[in-house]
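Student: quick one: sequence and predicted model below, then my questions.
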Amino acid sequence: MILADKIIENRKKNGWSQEELADKLGVSRQSVSKWEGAQAVPDMNKIIQMAEIFGVTTDYLLRDDIEAYTSSDEIPVDYSCEDAAKTVTLEEASSFLEHNEKAASVISTGVMLCIFSPVILIVISGLAEIGKIAVNEDVAGMAGAVVLLIIVATAVAMFISMYMKGNRYEYLENCNIDTAYGVSGMARERRSEYAPQHTRLLIFGIMLCIVSSVPLLLLIMFKYSNNTDILPIIGVAALICMVAAGVKMIVLTSIRNDGYNKLLEEGDYTRLNKKAGRYDGIYWAIAVAVYLVWSFISGSWQTTWIVWPIAGVVFAAYKEIMRAVVRPKI
């Protein structure tokens, strides 16, 4: 059975007209008519979309020797990481990219919450200290700490949730892979389409982090001219919020772009760099531990955020050292 017949069969099985199928795929009815008449062939992205909405595999749609689809047609993926390269099918690649977009949004929001978490504590404690609110300083600090812990706990829950959902794709980052026909082309096309947005988010994110101290400096200057103690508190809160927003943009677009690189084994996900990245999780776990311990012991949440930009710079150096360590000797 050829592709045209399979499109007709699955469309009718779902009770859709050509126009209804066209709406779901974002194409014209004439395009669907040409596909079903074998006058044209849909591009790979449309085939992936049809496989998803029909609930079948792309192998079933593309291979003429598969006459009927059953759930047994799906081949379970071996997620163990041995020396042999793992084959990534088009279905698996499409599913991974969909998960990666969701993970980028959730994880970047969690990182933003972690950075933002001390803002309430700083504001409440600062206002209590200068007498702007009728609350004891210790009570204000306790209330702010409770809010901080709730925000961090929410962020950690988001991280764990995405880790559990993405565990089945872990082999893409840690193992050598071979991609089935169409996977590399699809990944390159999507990465190319995303490239302008990736660049914009990186630029805006980095700019926010760089200029984040400007409001604080300006408000400190106004403090001396107006003798107002509340302005530095607002400045610190604004600084942290701007850094949180900037880092969210950077993390969001980096995770999305890395998804394409994982499938293509490019950038930080070449076969050599995969070995260098085995201890990345340990590094960032240590960075988080240092941030939290230093913050709780010193109580200087308005300054401990500096851990993150320093950790980013050190991480870049760490990556280069790890690549040098694992580089094979010639």
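Tutor: All right, it came through fine. Numbers count the residues shown, from 1 in each chain.
Student: where do the helices sit along the stretch 201-330 of the chain?
Tutor: 213-226, 230-264, 271-276, 280-298, 301-304, 307-326 (DSSP state H, counting those that start in this stretch).
Student: how near is residue 295 to residue 213?
Tutor: Taking Cβ to Cβ, to the nearest Å as the measure, residue 295 falls 19 Å from residue 213. Just so you know, the C-beta spots here come from the backbone N, C-alpha and C atoms, and that holds for glycine as well.
Student: more crowded one of those two?
Tutor: residue 295 (20 against 15; other Cβ atoms under 10 Å).
Student: these two touch, right, the more buried one and residue 289?
Tutor: No. Using Cβ atoms under 8 Å, residue 295 is not in contact with residue 289; the gap is 10.8 Å.
Student: still on that earlier bit, of the helices of the stretch 201-330 of the chain, which shows the lowest average pLDDT?
Tutor: Of all the helices of the stretch 201-330 of the chain, the minimum mean pLDDT falls on helix 271-276 (a mean of 56).
Student: for residue 212, which non-adjacent residue is spatially closest?
Tutor: Nearest-residue entry for residue 212: residue 242, 3.8 Å, with adjacent residues in sequence omitted and distances by Cβ to Cβ, 6 or more residues apart in numbering.
Student: I'd say that neighbour and residue 210 touch.
Tutor: No. Residue 242 is beyond contact range of residue 210, at 9.6 Å (criterion: Cβ under 8 Å).
Student: so residue 41 is in which element?
Tutor: Residue 41 belongs to no helix or strand when assigned by DSSP states H and E.
Student: that one and residue 7: what is the separation?
Tutor: Per Cβ to Cβ, residue 41 is found 11 Å from residue 7.
Student: do the same with residue 300
Tutor: From residue 300 to residue 7 the distance is 63 Å (Cβ to Cβ).
Student: neighbour count winner among these two?
Tutor: Neighbour totals were compared for residue 300 and residue 7, and residue 7 leads with 21 against 12 (other Cβ under 10 Å).
Student: show me what contacts the more buried one?
Tutor: By Cβ atoms under 8 Å, 6 or more residues apart in numbering, residue 7 lies in contact with 21, 32, 35, 36, 50, 61.
Student: could you dump these to CSV with pLDDT?
Tutor: CSV is the format used below for those (pLDDT from 0 to 100):
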residue, pLDDT
21, 89
32, 89
35, 87
36, 87
50, 86
61, 81
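Student: among those residues, which are in helices?
Tutor: If you go by DSSP state H, the contacts of residue 7 have 21, 32, 35, 36, 50, 61 in helices.
Student: which of those tops the neighbour count?
Tutor: residue 32 (27 neighbours).
Student: my guess is it contacts residue 22. True?
Tutor: Yes. Using Cβ under 8 Å, residue 32 is in contact with residue 22, at 4.7 Å.
Student: now do the contacts for the residue nearest to residue 188 when sequence neighbours are not counted.
Tutor: Nearest residue to residue 188, sequence neighbours excluded (Cβ to Cβ, 6+ apart): residue 264, at 6.7 Å. Neighbouring residues of residue 264 by Cβ under 8 Å, 6+ apart: 184, 187, 188, 191.
Student: let me know the closest of these to residue 169.
Tutor: Residue 169 lies nearest to residue 187 out of those, by Cβ to Cβ, at 13.7 Å.
Student: thinking that closest one is in contact with residue 265, fair?
Tutor: No. The pair residue 187 / residue 265 is not scored as a contact, 10.1 Å apart, by Cβ under 8 Å.
Student: the residue nearest to the spatial centre of the chain is in what secondary structure piece?
Tutor: The residue lying closest to the centre of the chain (Cα atoms, centre = their mean) is residue 104, at 1.7 Å. Following DSSP H and E, the helix or strand that holds residue 104 is helix 90-116.
Student: list the buried residues for that helix?
Tutor: 90-94, 96-97, 99-100, 103-116 (16 or more other Cβ atoms under 10 Å).
Student: return the list of helices and strands in contact with that helix.
Tutor: Applying 3 or more Cβ pairs under 8 Å, 6 or more residues apart in numbering; DSSP states H and E, we find helix 90-116 packed against helix 44-54, helix 58-62, helix 137-166, helix 183-211, helix 230-264.
Student: quick check: residue 124 vs residue 132, distance?
Tutor: According to Cβ to Cβ, residue 124 and residue 132 sit 10 Å apart.
Student: oh, that last question was meant for residue 218, not what I typed.
Tutor: For residue 218, the distance to residue 132 (Cβ to Cβ) stands at 20 Å.
Student: can you check residue 149 too?
Tutor: 24 Å.
Student: same deal with residue 207?
Tutor: For residue 207, the distance to residue 132 - Cβ to Cβ - is 32 Å.
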